[in-house]
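*Asks:* kindly return the folded structure for what I paste below:
(chains A, B, C and D)
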Amino acid sequence: MKFCLKIAQETVDVDVSSLDGKQDTEFTIGEEIYHVRYKAISDSCLHLVVDEKSTEVFVVRGEQEKHIFINGQTFSVQDDDQFPSRPARRRGIEQAPGDVTPPMPSVVVRIMVKEGDLVKQGQGLIVVTAMKMETTLKAPNNGRVIKINTTVDAKVAPGDILVEIEKEEKSQ
Amino acid sequence: MKFCLKIAQETVDVDVSSLDGKQDTEFTIGEEIYHVRYKAISDSCLHLVVDEKSTEVFVVRGEQEKHIFINGQTFSVQDDDQFPSRPARRRGIEQAPGDVTPPMPSVVVRIMVKEGDLVKQGQGLIVVTAMKMETTLKAPNNGRVIKINTTVDAKVAPGDILVEIEKEEKSQ
Amino acid sequence: MFKKILIANRGEIAVRVMRTCREMDIQTVAVYSEVDAAAAHVLEADEAVLLGESEPSKSYLNIDRIIDTAEKTGADAIHPGYGFLAENPDFAENCESSGINFIGPPSHVIRDLGNKTLARTIMEKAGVPVIPGMLKATTDTALLCQEAEEMGYPVLVKAVSGGGGKGMRVVSAREEMEEACLSAMNEAKKAFGDGSLYLEKCLESPRHVEFQILADRQGNAVHLFERECSIQRRHQKIIEETPSPAMNPSLRKAMGDAAVSAVLASGYVNAGTVEFLLDRSGRFYFLEVNTRLQVEHPITEMTTGIDLVRQQLEIAAGTPLPFKQQDITRRGHAIECRIYAEDPEAGFFPSPGLVLFHQEPSGPGIRNDCGIYSGFEVPMEYDPILSKLVVTAGTREAARMRMIRALESYVILGIRTTIPFLIDVLKSPEFAKGDTYTDFIERHFDNWSQNMEASNLARIAYIVDELTASTKPSAGLKERGCPTPWETLGEWRM
Amino acid sequence: MFKKILIANRGEIAVRVMRTCREMDIQTVAVYSEVDAAAAHVLEADEAVLLGESEPSKSYLNIDRIIDTAEKTGADAIHPGYGFLAENPDFAENCESSGINFIGPPSHVIRDLGNKTLARTIMEKAGVPVIPGMLKATTDTALLCQEAEEMGYPVLVKAVSGGGGKGMRVVSAREEMEEACLSAMNEAKKAFGDGSLYLEKCLESPRHVEFQILADRQGNAVHLFERECSIQRRHQKIIEETPSPAMNPSLRKAMGDAAVSAVLASGYVNAGTVEFLLDRSGRFYFLEVNTRLQVEHPITEMTTGIDLVRQQLEIAAGTPLPFKQQDITRRGHAIECRIYAEDPEAGFFPSPGLVLFHQEPSGPGIRNDCGIYSGFEVPMEYDPILSKLVVTAGTREAARMRMIRALESYVILGIRTTIPFLIDVLKSPEFAKGDTYTDFIERHFDNWSQNMEASNLARIAYIVDELTASTKPSAGLKERGCPTPWETLGEWRM
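*Replies:* Model (predicted):
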């Protein structure tokens, strides 16, 4: 069986085969081959023996990925077969250029522009707050504000497009 | 709504009515009336506010009952509507007279009688062991052993009828 | 002793206070905001009362509503925890005038010590060394610039009613001074309603060393040794330990005496903390007094064996301190790590949201003061602190190794936390050596990102989770003889 | 120091040993039986090796297989935990001859002290007071009866190779003597392969007080104060505490000195426990030496701050003790409750089975050494101990209250446990007063059953669980606007 798994933007092919039709398996990841035995301990806990090294790992399913805990580290692992791509809702890394979305669930504190304004790349547009920390959302490029989709005191989440900016040739 | 709930052999009627169609309720148990607000915290945890006293309780479903934890005490609560009566498998309190069943999951160590034997009430029939502790199962009444359903080293559980004894008039 | 105490706080600190109350047979009243209806402190209390909307000003900062709740529930005392109203003199005064025991110092002491320049004056009079700086605050930018010039850069611009790094700026050159003053003034005005600023000389990478003190109503005061809290981010402590690796017996004696003098000079009653900066030559300077239970109080509890909340309640009830300075001993080493809902790979952005899975570390010498559980939705309205993981062991090195083990087995999934970052800090040679200064994080961990060594293991775990999905309890009671995942998944994964 | 240690045990004690190993950067090898493939100690280890079938003789008691596993995995030492092979001199000898470090005393010391009458002789020579009784064991019933006659009833019949109450009988009258000897002989022969018995004078409701000792290879020995373990059922301890409520400084000094003499007289090395009985007049008598880590060792760790497993490893590696007697201090009070899988309402029948839900207590001063988790199937093949809940606090009363709070928040559902029983013991006025003698349970808790005060609350909880079933996470992501339980359940519940 083949899986194609993404961690932190890096997608890697994984090939799995069972050595005994059961829990004795071989994983091929890139050049590396791992011999793995496994056992499900509970809904969220797995016991893996990888090349004779025993590890307890925890796995839970999120909206578009699985969250995996290994010895104090956490990983978000995505499988495009399982979680078809949806509008990106995380960290704003993948939103359309010109769209401004908050990096975290937060509340709008101030809106510093209005529709029709010309803005410069890096100019502050909206200030949001969460957990007593304020963050200024900045213009991703020079352009004109064509739409503001929020108001002061609104609760907003990653993926919500708060401001749309149209690139304008003349402003460059 | 009416429930009919059994704890430790005592069955009591409980009447519940919602005061607001939601979580504000009134429970009538015997003479007592309780005002209850509630909230589910997780699959196994409930927050109850009974007559303004706040309590965190834990509830899980067993085979024939729910196990309920309240401040260090545990209760097994049965509802015959939910768990239709099955052959009793707990503590042997309810088995048919003359049937001998172990009080716990255990292993048969010794069988001290054979089919056809006449036994006296209280006579040792079978020794079982669990967790390094041996327990002798005794005859519930005078009678004749009509059937032995187990062997030495067999794993047995409450509800398994290990020995059947027929009451015999003449042996009394 | 009190019969019933209202805890005017939330999360881990409210839970921690309630635990001591229960051990003293004192009833507890939780207060909560709408978003906190299922919060840990609500579940822990004997009674719980809704204060109002989630916004702090409508709930945990709503003085009238809280005092009203105390009166209605018959609470005879209020414990403020830390943060929120803990250092608000108006709140303490309101309690006093309502006949409710405020578990903390008298309101006038909170007021005096909350004014940073007045506090400096009190300390100077008592012979406690203070950092060279202004004794009067001002909103006059020109005056501030002139003072900075005389003092010599770098200087620290501080709000007179500041706290938590708000209204504070380090200014290293003349040309940045005016703008820094204006923005600090703005921030302070917004946060504390008072934009007045003053200056302090800026020490070069000092250590933050503070002393826990206890003072009773009879005029007795003791210290419970120091805590070092140099590992900070944006003036927020993230790792604390005791003893301080920088301490020696004579310095400890000098600083402890200064802390007790500070307390006596200000008329202090109850538990408090005297904060100092310690420079590389071993000179120390008064920084401020925190007039409340400190976030990091558990490391003092674990090394001295004294329950600080119990002492707070006893003092508030009028009991004299049960020990003198020479009776207080300390044993071993303790470290605390604050577990925040923040993404350490993304500039420590807050990371509120649903905790999908939570499993605490356990074992000898581990304590976790915690405000979350599996299924809890961490609200965005409050501080990002989730829990405080504390360990104690015989030596600093044993405590460090124990903390690493504890962090490595602390499972929180669903939201981002600082755990992987903390592990790397604990493992760093600089921390192991005790080279801990307030610039530690920016110097050694400026652009941290998580080690990806285990990423193939994570991929394996992902797939094993698929392979075992049908065998798990949540899959329900399946018929026996169901096909293996190799049969069911194999078809479409070629 | 060792690089890799095999832990020849299971459950909570194996986990506890591994934790210290990890903190010392030592790799761990778990061994397990078929039924234990998902046991806590397997999950905790760096490597895990299957020994064989679940029956102890084929797994945890299989000396050859364990030594073979140590050799194959490259372990340079074996920690035996308690129980199983911990006090088996043949096992220790096998380790010695295989060049594997056995973490415990030399095999000949285990052998000497395991022979109860030889141990009595050694102690008598060293000037340690022993209970009046025979110094030679016998299988001659007539001789035993004659000795009993001379000693005067009640007497204690004891197996020379006994332990855990097996092969032990209290005989209070002549006519019971012969039968008691025969049945004890049978039991001992079966359990230990040796039916020899001896007699001791039976003390009237004494206290059980034991001293933790440490002895290094250089001939240094210290004690780490006492533990009182009088709360027992069928000679099995269930609650232990330190300090003993019966102790005063001069008695502690005398008993501590006797414990150290006992250790030196027997050539002891590593951690061990010298058990005494203490009668009501303050006289104490040597009972036996436990040549291993004791179940109740955590209360000593919590009050002295010394990690006993770390000391065991250091001593086994040849390091001299890092402290002398006068360096060892104790602070506060600690209590341990053993949580057993037993039904206290049904004669403490074992209660193996599936743990449906498990949530540990947490907070200041609480430690839980635990071998189970939610979803673990407690096997019927081994000891019923699930975990050891330990608390420490400033005073005995504070520790007692803390333990009650901890027990009341320790959730184990699916199997019966001793928790509700322990709560009632802790709450009893006799325990609160410290009136703890070995007949405490039979005297005060003979026919215990659980208080049913909360049964109406349990009924309410049952129904609320029904009412909320559809809203829980396990119900899946339901469509919004689904009917309330009042609508769906109401129809058929009139």
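*Asks:* beta partners of the nearest residue to C:Ser374 once chain neighbours are set aside?
*Replies:* Closest residue to C:Ser374 apart from its sequence neighbours, by CB to CB, 6 or more residues apart in numbering or on different chains: C:His358 at 4.5 Å. From N, CA and C alone the C-beta is placed, and that goes for glycine too. With DSSP bridges applied, C:His358 shows beta-bridge pairing to C:Ile412.
*Asks:* let me see the contact set for C:His358.
*Replies:* By CB atoms under 8 Å, 6 or more residues apart in numbering or on different chains, the contact set of C:His358 is C:Ile372, C:Tyr373, C:Ser374, C:Phe376, C:Val411, C:Ile412, C:Leu413.
*Asks:* ok, the nearest residue to C:Tyr410 once chain neighbours are set aside - contacts?
*Replies:* Closest residue in space to C:Tyr410, ignoring its immediate chain neighbours: C:Pro361 at 4.8 Å, by CB to CB, 6+ apart. Applying CB under 8 Å, 6+ apart, we find C:Pro361 in contact with C:Asn368, C:Leu389, C:Arg405, C:Ala406, C:Leu407, C:Ser409, C:Tyr410.
*Asks:* again with C:Ile110
*Replies:* Contacts of C:Ile110 by CB under 8 Å, 6+ apart are C:Glu87, C:Asn88, C:Pro89, C:Ala92, C:Gly104, C:Thr291.
*Asks:* what about 10 Å?
*Replies:* Contacts for C:Ile110 (CB atoms under 10 Å, 6 or more residues apart in numbering or on different chains) come out as C:86-93, C:102, C:104, C:266, C:268, C:272, C:289, C:291-292.
*Asks:* confidence score at it?
*Replies:* Listed pLDDT for C:Ile110 reads 97.
*Asks:* counting by contacts, list what the lowest-mean-pLDDT helix or strand in chain A packs against.
*Replies:* Across the helices and strands of chain A, mean pLDDT, DSSP states H and E gives its lowest value to strand A:133-138, namely a mean of 84. Packed against strand A:133-138 by the contact rule (3 or more CB pairs under 10 Å, 6 or more residues apart in numbering or on different chains; DSSP states H and E) you find strand A:106-111, strand A:124-130, strand C:349-350.
*Asks:* and with 6 Å instead?
*Replies:* Counting contacts by 3 or more CB pairs under 6 Å, 6 or more residues apart in numbering or on different chains; DSSP states H and E, strand A:133-138 packs against strand A:124-130.
*Asks:* parallel or antiparallel, list what pairs with the strand it packs on.
*Replies:* Sheet partners assigned to strand A:124-130 using DSSP bridges are listed as strand A:106-111 (antiparallel), strand A:133-138 (antiparallel).
*Asks:* how deep is residue 140 tucked in, by neighbour count?
*Replies:* Looking at chain A here, since you left the chain open. A:Pro140: 20 surrounding residues under other CB atoms under 10 Å in any protein chain shown.
*Asks:* hmm, I had chain C in mind actually
*Replies:* If you count neighbours by other CB under 10 Å, C:Asp140 ends up with 13.
*Asks:* and what of C:Pro350?
*Replies:* 25.
*Asks:* quick one: pLDDT of it?
*Replies:* C:Pro350 is given a pLDDT of 90.
*Asks:* from C:Cys337, how far out is the spatially most central residue of chain C?
*Replies:* In chain C, the centroid-proximal residue (CA atoms, centre = their mean) is C:Val295; its distance is 3.1 Å. The spacing between C:Val295 and C:Cys337, counted by CB to CB, to the nearest Å, is 11 Å.
*Asks:* does chain D sit close to the helix or strand harbouring C:Ala432?
*Replies:* Following DSSP states H and E, one finds C:Ala432 within helix C:429-433. No: using CB under 6 Å from any CB of the partner chain, we find that helix C:429-433 stays clear of chain D, coming within 12.6 Å at best.
*Asks:* what does the next helix or strand after that helix contact?
*Replies:* The helix or strand immediately downstream of helix C:429-433 is helix C:440-444, counting by DSSP H and E. For helix C:440-444, contacts defined as CB atoms under 6 Å, 6 or more residues apart in numbering or on different chains pick out C:Ile231, C:Arg233, C:Glu430.
*Asks:* before we move on, what about stretch C:37-48?
*Replies:* Stretch C:37-48 has contacts (CB under 6 Å, 6+ apart) with B:41, B:47, B:54, B:56, C:10, C:14-15, C:18, C:27-30, C:32, C:73, C:371.
*Asks:* so which bits of that stretch are buried?
*Replies:* Using 16 or more other CB atoms under 10 Å in any protein chain shown as the test for burial, stretch C:37-48 gives C:Ala38, C:Ala39, C:Ala40, C:His41, C:Val42, C:Leu43, C:Glu44, C:Ala45, C:Asp46, C:Glu47, C:Ala48.
*Asks:* name the nearest residue to the fifth one, ignoring sequence neighbours.
*Replies:* Once its chain neighbours are removed from consideration, C:Val42 has its nearest residue in C:Ala48; the separation is 4.5 Å (CB to CB, 6+ apart).
*Asks:* on that earlier part again, need the pLDDT of the residue nearest to the centre of chain C.
*Replies:* At C:Val295, pLDDT is 97.
*Asks:* quick one, phi/psi of it?
*Replies:* phi -50, psi -50 (degrees, to the nearest 10).
*Asks:* measure the nearest residue to it once chain neighbours are set aside to chain D for me?
*Replies:* Computed as CB to CB, 6+ apart, the closest residue to C:Val295 that is not its neighbour in sequence is C:Tyr82, at 5.7 Å. C:Tyr82 sits 16 Å away from chain D, going by CB to the nearest CB, to the nearest Å.
*Asks:* isn't C:Tyr82 up against C:Arg292?
*Replies:* Yes: shown here, C:Tyr82 and C:Arg292 form a contact pair, counting by CB atoms under 6 Å, at 5.2 Å.
*Asks:* looking at the two, which is more packed in?
*Replies:* When C:Tyr82 and C:Arg292 are compared for neighbours, C:Arg292 comes out ahead with 25 against 17, by other CB under 10 Å.
*Asks:* element containing that one, please.
*Replies:* Under DSSP H and E, no helix or strand contains C:Arg292.
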